[in-house]
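> fold the following for me, if possible:
(one chain, ligands or ions: 2)
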Amino acid sequence: MSNLDTLKDQRRGLMIVLSSPSGAGKTTMTRRLLAQDPQIAMSVSVTTRSPRPGERDGEDYYFITKDKFAALEAEDELLEHARVFDNYYGTPREPVEEALADGKDIVFDIDWQGAQQLTEAAADDLVKIFILPPNMRELEQRLRTRAQDSDDVIAKRMNKSENEISHWAEYDYVLVNENIDRAMGELLSIVTAERMRRKRQPWLSGFVKGLIEGQ
Ligand SMILES: Nc1ncnc2c1ncn2[C@@H]1O[C@H](COP(=O)(O)OP(=O)(O)OP(=O)(O)O)[C@@H](O)[C@H]1O
Ligand SMILES: Nc1nc2c(ncn2[C@@H]2O[C@H](COP(=O)(O)O)[C@@H](O)[C@H]2O)c(=O)[nH]1
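Ligands and ions are numbered 1, 2, ... in the order given. Prediction:
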């Protein structure tokens with residue numbers, strides 16, 4: 001690793017928030033982002049909902065009881081929390097603080113209520129991205145193709161999608177996930193540009209000073 005690479009590593013991590021109506025592709029894009037970039041960690045939420053087939057405790061979510069959720073909330077161990085589709089979801093505080101201090105970027109797959117709470121708690125580190133589906137027919141089709149929720153649950157999620165979409169203008173970036181490769185390209189561009197913001201590169205003033213002084 002060059003000296004410049006070592007300097008560039010001295011930055012606080014980004015908090016990358018992905019929100020969308022259910023089924024637009026947050027989980028898919030988060031998984032691809034993690035696979036492509038080892039500097040990015042995932043915030044694993046706690047939830048009171050039951051696991052879907054194939055979901056693993058501690059990887060997709062920490063699946064917990066309502067009592068345990070209430071205890072975490074009372075002990076202020078959640079950075080944000082919300083009731084979504086009749087279940088409770090929340091972001092454990094400690095792993096996020098550790099990852100940021102470690103210079104890792106951390107991605108959050110959370111709804112608009114969580115994004116609003118993080119804006120109040122940590123606006124400086126936050127990059128908020130909203131993902132839209134190309135159209136509502138395709139959104140419903142994706143929920144059906146995923147084949148992990150009952151017709152009832154899918155209907156509930158489609159009913160709430162308009163409300164989630166109504167928050168799109170609260171986000172820094174908005175992308176339409178029609179073609180997954182293109183959407184991933186757009187997401188990676190956002191992450192790259194946000195890392196390069198001057199305020200996120202505190203090492204620059206020392207570097208420029210050395211440059212001018214001919215070191
Ligand atoms: N661009 C795309 N084209 C076609 N299918 C897609 C695309 N992006 C994602 N999908 C598929 O759509 C389904 C829903 O995606 P995903 O689970 O990532 O959505 P989500 O936003 O995380 O939903 P939720 O909020 O319910 O967790 C999945 O089956 C996924 O493979
Ligand atoms: N405010 C929060 N919202 C969260 C969190 N974890 C997930 N979510 C959102 O819930 C819905 C439904 O998720 P699903 O896995 O049941 O399909 C979706 O919009 C997620 O983004 C959280 O910790 N806080």
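> would you list every one of the strands in the protein?
Under the criterion DSSP state E, strands of the chain are mapped to 15-19, 40-42, 46-47, 62-63, 78-84, 87-92, 105-109, 126-132, 173-176.
> now the second one: average pLDDT?
Strand 40-42 carries an average pLDDT of 95.
> and it, which residues are buried?
For strand 40-42, burial by neighbour count (16 or more other C-beta atoms under 10 Å) applies to I40, A41, M42. The C-beta positions use only the backbone N, C-alpha and C, and glycine is treated the same way.
> next, P51: phi, psi?
P51 adopts backbone torsions of phi -60, psi 140, taken as degrees, to the nearest 10.
> any idea how far T30 is from it?
Applying C-beta to C-beta, to the nearest Å, the value for P51 to T30 is 17 Å.
> so between those two, which is more surrounded?
For P51 versus T30, the count of surrounding residues by other C-beta atoms under 10 Å is larger for T30: 19 against 12.
> just to check, that one is in contact with V107?
Yes: between T30 and V107 there is a contact under C-beta atoms under 8 Å: 5.5 Å.
> any residues in contact with both of these two?
Common neighbours of T30 and V107, counting by C-beta atoms under 8 Å, 6 or more residues apart in numbering, are L18, M42.
> show me which of the buried residues of strand 40-42 is closest to ligand 2.
M42 (11.0 Å; C-beta to the nearest ligand atom).
> any idea how far the closest one is from R49?
From M42 to R49 the distance is 18 Å (C-beta to C-beta).
> can you report how many residues lie near the residue lying closest to E138 once chain neighbours are set aside?
Spatial nearest neighbour of E138, chain neighbours left out: E178 (7.9 Å); criterion: C-beta to C-beta, 6 or more residues apart in numbering. Number of residues near E178 (other C-beta under 10 Å) recorded here: 13.
> got phi/psi on the closest residue in space to R195 that isn't next to it in sequence?
Counting by C-beta to C-beta, 6+ apart, L14 is the residue found nearest to R195 once chain neighbours are left out, at 6.7 Å. Torsion angles at L14 (phi, psi; degrees, to the nearest 10) stand at phi -90, psi 150.
> and L14, how far from ligand 1?
Distance of L14 to ligand 1, given as C-beta to the nearest ligand atom, to the nearest Å: 20 Å.
> what about I190, how many residues nearby?
16.
> the nearest residue to it once chain neighbours are set aside: what's it in contact with?
Residue nearest to I190 in three dimensions, not counting chain neighbours: Y173, with 5.3 Å by C-beta to C-beta, 6+ apart. Applying C-beta under 8 Å, 6+ apart, we find Y173 in contact with V127, K128, I129, F130, I190.
> the residue in the chain that ligand 2 sits nearest to and L211, how far apart?
Evaluated by C-beta to the nearest ligand atom, the chain has G114 as its residue closest to ligand 2, separated by 2.6 Å. Relative to L211, G114 is positioned 42 Å away (C-beta to C-beta).
> where in this structure is pLDDT low?
The chain contains residues with pLDDT under 70 at 1-10, 215.
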